[in-house]
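*Asks:* The sequence isn't on hand, but the structure is:
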């Protein structure tokens with residue numbers, strides 16, 4: 001067991017009123033709330049013996065955990081009372097963490113505490129003389145792996161919904177839990193958002209949580225985290241158990257587009273060219289050919305037209321905000337607006353290229369008549385940021401937009417929704433962009 005050195009005792013004797021431990025006496029003792037646990041375990045360190053009192057000076061108590069590999073993690077310093085007593089301090093055994101910054105490079109995850117037996121240590125430090133008294137270290141064994149959770153999708157950004165799901169419960173005795181994402185902007189500045197989790201205190205399990213991320217979270221990498229506490233207040237004092245962090249990619253608010261093609265591949269019908277085809281490559285961030293968004297043999301089935309939330313797969317550095325469709329591809333954006341997709345609220349621009357004639361949109365054997373009337377007008381009225389652009393070729397322009405107005409822009413009562421900005425897109429539809437190619441319906 002550690003003892004106080006003669007030099008340290010002499011340092012205390014230089015301070016009037018100092019009462020250091022006698023030379024050769026056992027070191028003061030601490031109590032630790034557990035002797036073993038997983039990485040991320042929260043511990044409480046309490047005094048069995050007070051710090052030696054030093055009249056007229058200020059002392060601080062520092063606690064730490066050193067793992068089997070010799071890596072030390074410190075808890076926040078705490079001021080010692082005049083009589084040498086101090087309040088319990090809380091130390092977390094390190095779990096795998098990440099420290100993301102404003103960069104496109106994914107941050108590496110740290111390994112967390114090394115397995116095996118380490119030590120919980122504490123010492124008293126006199127701020128005037130620099131005299132230090134170490135408490136007897138207490139062994140702590142790190143066993144197993146850190147608690148885990150998942151985040152879907154693996155990216156986030158303004159308007160994106162992310163879901164936290166538990167793999168492991170909080171430890172026994174936990175009374176609250178929270179989750180969130182964060183990144184470090186500067187040495188002492190962190191951007192973070194935190195959500196409270198609904199936890200069953202009887203067994204530590206918590207319910208999956210889905211939250212929408214605000215507008216400040218842009219292109220970067222973030223660290224998703226979950227913590228458990230022994231206090232009912234998620235920000236209250238007490239030991240904190242940390243789960244292994246999960247890295248999440250941030251995406252900018254705009255720039256991603258999804259195009260619904262009426263063709264399979266870049267070759268389109270073009271009677272004026274040899275072979276009757278012309279190769280036109282879509283400039284959209286992602287293109288869905290007809291066989292990708294239509295369900296073979298199932299008329300008007302939208303099941304494949306609404307891709308999952310990671311429609312851009314997070315690899316383009318953009319979020320999906322624009323939908324486009326040509327001819328029959330007009331149904332793609334319509335199916336999205338009718339869906340309950342989690343990323344639908346991010347859509348703020350729809351582009352329809354020569355969507356079709358009145359006869360085509362009123363065709364009883366087609367799919368347009370199955371859709372809700374007033375759909376586009378309601379979407380436009382929902383936000384002043386939403387825009388609809390209709391590029392009308394001969395087919396669409398010659399019908400005076402009758403099909404679009406009746407099927408998608410006017411309610412069944414015969415009028416547009418109140419406050420509908422229908423006039424914003426009607427002039428755009430009247431632009432007669434002649435099309436030399438008969439589009440495919």
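*Replies:* Cool, got the structure. Bear in mind that the values here come from a model prediction, so they are computed numbers and not experimental data.
*Asks:* What's the local residue count around residue 76?
*Replies:* Here the count is done by other Cβ atoms under 10 Å, and residue 76 has 9 residues near it. C-beta coordinates here come from the backbone N, C-alpha and C atoms, glycine included.
*Asks:* can I assume it is in contact with residue 89?
*Replies:* Yes: shown here, residue 76 and residue 89 form a contact pair, counting by Cβ atoms under 8 Å, at 7.4 Å.
*Asks:* just the strands in the stretch 51-200 of the chain please.
*Replies:* Secondary structure of the stretch 51-200 of the chain (DSSP state E, counting those that start in this stretch): strands at 59-66, 72-74, 78-79, 89-92, 116-126, 132-134, 138-142, 149-152, 155-156, 161-166, 176-186, 189-196.
*Asks:* if you compare those strands, which one is most tucked away?
*Replies:* Here the criterion is mean neighbour count by mean count of other Cβ atoms under 10 Å, and of the strands of the stretch 51-200 of the chain the winner is strand 155-156, at a mean of 24.
*Asks:* That one pairs with which strands?
*Replies:* Sheet pairing for strand 155-156, assigned by DSSP bridges, gives strand 246-250 (parallel).
*Asks:* Now do whatever helix or strand comes next after the strand it pairs with: distance to the chain's middle.
*Replies:* Using DSSP states H and E, the next helix or strand after strand 246-250 towards the C-terminus is strand 255-260. Offset of strand 255-260 from its chain centre (Cα atoms, centre = their mean, to the nearest Å): 22 Å.
*Asks:* now do stretch 243-261
*Replies:* For stretch 243-261, the distance to the chain centre is 10 Å (Cα atoms, centre = their mean).
*Asks:* same question, stretch 114-124
*Replies:* 33 Å.
*Asks:* what is the rounded mean pLDDT of it?
*Replies:* If you average the pLDDT over stretch 114-124, you get 97.
*Asks:* One more: stretch 356-372?
*Replies:* Averaged across stretch 356-372, the pLDDT comes to 70.
*Asks:* now do stretch 132-140
*Replies:* 96.
*Asks:* Can you check the distance spanned by it, start to finish?
*Replies:* Its first and final residues considered, stretch 132-140 spans 23 Å by Cα to Cα, to the nearest Å.
*Asks:* Then stretch 211-226?
*Replies:* End-to-end span of stretch 211-226 (Cα to Cα): 14 Å.
*Asks:* Any idea how many residues pack against the closest residue to residue 183 other than its chain neighbours?
*Replies:* Excluding its sequence neighbours, the residue lying closest to residue 183 (Cβ to Cβ, 6 or more residues apart in numbering) is residue 100, at 4.1 Å. By the criterion of other Cβ under 10 Å, residue 100 has 23 neighbours.
*Asks:* thinking again about what came up before, right, and the strands of the stretch 51-200 of the chain - which one's nearest residue 266?
*Replies:* When the strands of the stretch 51-200 of the chain are compared by Cβ to Cβ, strand 155-156 sits nearest residue 266, at 27.9 Å.
*Asks:* mind checking how far the closest one is from the chain centre?
*Replies:* In terms of Cα atoms, centre = their mean, the centre of strand 155-156 is set 5 Å apart from its chain centre.
*Asks:* cool, and stretch 374-394?
*Replies:* 30 Å.
*Asks:* What separation is there between the closest residue to residue 134 other than its chain neighbours and residue 130?
*Replies:* Excluding its sequence neighbours, the residue lying closest to residue 134 (Cβ to Cβ, 6+ apart) is residue 123, at 4.5 Å. The gap separating residue 123 from residue 130 is 12 Å, by Cβ to Cβ, to the nearest Å.
*Asks:* which residues touch the spatially closest residue to residue 239 that is not a sequence neighbour?
*Replies:* Nearest residue to residue 239 in three dimensions, chain neighbours excluded: residue 42, at 3.2 Å (Cβ to Cβ, 6+ apart). Residue 42 is in contact with 90-93, 171, 228-230, 238-242, counting by Cβ atoms under 8 Å, 6 or more residues apart in numbering.
*Asks:* okay, those residues in a markdown table with pLDDT and distance to residue 52 next?
*Replies:* A markdown table is the format used below for the contacts of residue 42 (pLDDT from 0 to 100; distance: Cβ to Cβ, whole Å):
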| residue | pLDDT | distance to residue 52 |
| --- | --- | --- |
| 90 | 94 | 23 |
| 91 | 94 | 22 |
| 92 | 93 | 28 |
| 93 | 96 | 29 |
| 171 | 96 | 35 |
| 228 | 96 | 36 |
| 229 | 95 | 33 |
| 230 | 93 | 31 |
| 238 | 87 | 28 |
| 239 | 92 | 27 |
| 240 | 94 | 30 |
| 241 | 96 | 33 |
| 242 | 96 | 34 |
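*Asks:* Rebuild the residues you listed as TSV, extending it with distance to residue 67.
*Replies:* Below are these laid out as TSV (distance: Cβ to Cβ, whole Å):
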residue	distance to residue 67
90	17
91	12
92	12
93	8
171	19
228	21
229	23
230	23
238	22
239	17
240	18
241	16
242	15
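*Asks:* For ChimeraX, write the selection for the buried entries among these.
*Replies:* Filtering these down to the buried ones (16 or more other Cβ atoms under 10 Å) takes a single ChimeraX command:
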select :90,91,92,93,171,228,229,230,238,239,240,241,242
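*Asks:* nearest to residue 213, of the contacts of residue 42?
*Replies:* Of all the contacts of residue 42, residue 242 has the smallest distance to residue 213: 21.4 Å, by Cβ to Cβ.
*Asks:* Much appreciated, bye for now.
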